[in-house]
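>>> quick one, fold the following:
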Amino acid sequence: MDTDPRPAATTTPPAIEPDGKDWTWVVEARCPECGFAASDVDAQGIGGTVRDLAPRWVAVLHRDDARRRPQPHVWSALEYGAHVRDVLRLFDERVQLMVEQDDPVFANWDQDATALAERYDLQDPAVVADELARAAAATADRFDAVAPGQWDRTGRRSNGSVFTVRTLGQYFLHDVVHHLHDVRA
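This next block holds a predicted model:
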C-alpha cells in the first residue's frame with residue numbers, strides 16, 4: 001500500500017496552469033481528447049447519465065493512489081474528484097436558476113482559485129466520494145425534474161455565453177466525462 005503523500009497543511013501544492021480555454025465549443029463538436037459528443041446527448045437522459053457516471057467517480061476516489069499527482073502540475077484523482085463534486089453542485093444551482101428565473105446571469109466561478117482555497121489536495125477522498133455521490137443524485141434529480149417546455153429556457157455565463165437548459169446539461173456532462181478521461185477511468 002502507498003504511503004500517504006499528502007503535503008503538510010501549510011505547504012501549498014505546486015501550481016496548476018489555469019485552464020483559460022472557452023470550452024463552450026463542446027456543445028457543437030466532439031471533444032478530440034475524450035471523444036465526448038455533447039450534441040449526441042438526449043436532454044431527457046442527462047439525469048440517468050449522471051447516475052451512471054457517479055459510481056465510476058466513487059471508484060476513482062477509492063484508489064490507493066487517489067492523492068498522488070501523476071505529474072507535479074497535474075491534478076490528482078482526488079483534486080479532479082473534488083472539482084467534479086463542485087461542478088455537480090454548481091450546475092444543480094444553475095439549472096434551478098434557469099427554471100425559476102428568466103435568463104439569469106451566472107456568477108463567475110474560478111475553478112482554479114476554488115481548488116486552492118478549498119485545498120482539494122488535502123481533502124479526504126472517502127468524504128469527497130460520498131459528497132460527489134450525493135451531489136450527483138441531487139443534480140440528476142434536478143435534470144429529471146425539468147419539464148418538456150423548460151429545456152429551451154436560457155441562462156448566461158458572466159462572459160456572455162448563452163445556454164439553454166439543454167445545452168447547459170450537454171456542456172456539463174462533457175466536464176464530468178472529460179475528467180474521467182483525465183484520471184483514466
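
>>> with adjacent residues omitted, what lies nearest to Asp103?
Excluding its sequence neighbours, the residue lying closest to Asp103 (Cβ to Cβ, 6 or more residues apart in numbering) is Thr154, at 4.9 Å. In short, each C-beta sits where N, CA and C put it, glycine included.

>>> please apply the same query to Ala38.
Closest residue in space to Ala38, ignoring its immediate chain neighbours: Gln170 at 3.8 Å, by Cβ to Cβ, 6+ apart.

>>> so what's that neighbour up against?
Gln170 is in contact with Val26, Val27, Ala38, Ser39, Val41, Ala43, Ile46, counting by Cβ atoms under 8 Å, 6 or more residues apart in numbering.

>>> what sits up against stretch 52-70?
With contact meaning Cβ under 8 Å, 6+ apart, stretch 52-70 is reached by 1-2, 4-6, 13-14, 75-81, 84, 121, 125-126, 128-129, 132-133, 136-137, 140, 176-177, 180, 183, 185.

>>> for the residue nearest to Ala38, helix, strand, or coil?
Following DSSP: H, G, I helix; E, B strand; the rest coil, the label given to Gln170 is helix.

>>> in the chain, what residue spans correspond to helices?
Per DSSP state H, the chain carries helices over the ranges 46-61, 77-100, 111-117, 125-144, 165-182.

>>> using CSV, write down the CA coordinates of the lowest-mean-pLDDT helix or strand in the chain.
None of the helices or strands of the chain scores lower by mean pLDDT, DSSP states H and E than helix 111-117, at a mean of 92. Provided in CSV are the C-alpha atoms of helix 111-117 (Å, rounded to 0.1, in the frame of the first residue of the first chain):
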residue,chain,number,x,y,z
GLN,A,111,-12.3,26.6,-10.6
ASP,A,112,-8.6,27.1,-10.1
ALA,A,113,-9.0,29.6,-7.2
THR,A,114,-11.6,27.3,-5.7
ALA,A,115,-9.2,24.3,-5.8
LEU,A,116,-6.5,26.3,-3.9
ALA,A,117,-8.9,28.0,-1.5
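
>>> now find how far off-centre it is within its chain.
Offset of helix 111-117 from its chain centre (Cα atoms, centre = their mean, to the nearest Å): 13 Å.

>>> mind listing what's buried in it?
Neighbour-count burial for helix 111-117 flags Ala115 (criterion: 16 or more other Cβ atoms under 10 Å).

>>> likewise stretch 149-159?
Gln150, Trp151, Arg153, Gly155, Arg157.

>>> other residues contacting it?
22, 43, 94, 97-99, 101-108, 162-166, 168.

>>> try it again at 10 Å.
Stretch 149-159 has contacts (Cβ atoms under 10 Å, 6 or more residues apart in numbering) with 22, 24, 43-44, 46, 94-95, 97-109, 143, 146-147, 161-169, 171.
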